[in-house]
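J.: here is a sequence with its predicted model. Questions after.
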Amino acid sequence: MSTYKKGIALAFGGVVLLSFDSLMIRLSGVGGIEAAFWRGFFGFLSMLLLFVGTEKKKSMITLK
């Protein structure tokens, strides 16, 4: 698969995941600040895990 097609698939997957985001927030009944906190926290956690998973040596040096 070409890099272009991977990018299109990744963007499409992100749009599909985020399209359900507002529905889930509305159904959960949490406030705006709380929803923003959890969205930011899980975004941070996923980026941290991705960074550690792809750059093991660099991430351990950076995180120390």
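T.: Nice, I can see it. Residues are numbered from 1 along each chain as shown.

J.: show me what counts as buried in the longest helix along the chain.
T.: With DSSP state H setting the assignment, residue counts place helix 32-54 as the longest helix in the chain. Residues residue 35 are the ones in helix 32-54 that count as buried (16 or more other C-beta atoms under 10 Å). C-beta coordinates here come from the backbone N, C-alpha and C atoms, glycine included.

J.: tell me which residue is most central in this structure.
T.: For the chain, the residue nearest the mean C-alpha position is residue 43 (4.2 Å; C-alpha atoms, centre = their mean).

J.: domain assignment for the protein?
T.: For the chain, automatic domain parsing gives the domain ranges 1-30, 31-64.

J.: could these be laid out in CSV, adding mean pLDDT?
T.: Formatted as CSV, the domains of the chain follow (pLDDT from 0 to 100):
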stretch, mean pLDDT
domain 1-30, 86
domain 31-64, 84
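
J.: give me the contacts around the helix or strand containing residue 58.
T.: Secondary structure assignment for residue 58, by DSSP states H and E: helix 56-63. By C-beta atoms under 8 Å, 6 or more residues apart in numbering, the residues outside helix 56-63 that reach it are 51-52.

J.: stretch 27-43 now?
T.: Outside stretch 27-43, the residues within contact range by C-beta under 8 Å, 6+ apart are 21, 25.

J.: try 7 Å
T.: By C-beta atoms under 7 Å, 6 or more residues apart in numbering, the residues outside stretch 27-43 that reach it are residue 25.
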